[in-house]
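Q: sequence? don't have it. structure:
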């Protein structure tokens, strides 16, 4: 699991970026799935917690976290 410090405005901006990529985050917690990868997420107003729930065998976790870091930094 990874935790990212994040404000509500930052979480809303992330939702907008992901929606443009075809990924919907309807609530502050739950699961999101894209390209065969499922992440569990939880946002509490100060931190966004993410964990990989399912991924294709041949895709390393480090590659997924690298993409997640890019989405959050954007």
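A: Noted; the coordinates are in hand. What you see is a predicted model, and the numbers here were worked out from it, not measured in a lab. Numbers count the residues shown, from 1 in each chain.

Q: Could you check how many residues crowd around residue 41?
A: 19 (other C-beta atoms under 10 Å). For every residue, glycine as well, the C-beta is placed using N, CA and C.

Q: check contacts around it.
A: 25, 29, 30, 31, 32, 48, 49, 50 (C-beta atoms under 8 Å, 6 or more residues apart in numbering).

Q: Quick check: which element contains it?
A: If you go by DSSP states H and E, residue 41 is part of strand 37-43.

Q: And that strand, what's buried?
A: Neighbour-count burial for strand 37-43 flags 37, 39, 41, 43 (criterion: 16 or more other C-beta atoms under 10 Å).

Q: Out of those residues, which is nearest to residue 66?
A: Using C-beta to C-beta, residue 37 comes nearest to residue 66 of the buried residues of strand 37-43, at 12.4 Å.

Q: re the thing from before, got JSON lines for the buried residues of strand 37-43, with distance to residue 62 and pLDDT too?
A: Output for the buried residues of strand 37-43, formatted as JSON lines (distance: C-beta to C-beta, whole Å; pLDDT from 0 to 100):
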{"residue": "37", "distance to residue 62": "13", "pLDDT": "94"}
{"residue": "39", "distance to residue 62": "15", "pLDDT": "96"}
{"residue": "41", "distance to residue 62": "19", "pLDDT": "97"}
{"residue": "43", "distance to residue 62": "23", "pLDDT": "97"}
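
Q: quick one: which of the contacts of residue 41 is most hemmed in?
A: Going by other C-beta under 10 Å, residue 48 tops the contacts of residue 41 with 21 neighbours.

Q: about what we covered before: can you tell me which of the contacts of residue 41 is nearest residue 10?
A: The closest of those, once distances to residue 10 are taken by C-beta to C-beta, is residue 48, at 8.2 Å.

Q: Now for that closest one: which residues touch it?
A: So residue 48 contacts 3, 4, 6, 11, 14, 41, 42, 72 (C-beta under 8 Å, 6+ apart).

Q: Name only those of these that count as buried.
A: 4, 6, 11, 14, 41, 72.

Q: Which ones among these map onto helices?
A: Judged by DSSP state H, the subset of the buried ones among the contacts of residue 48 located in helices is 11, 14, 72.
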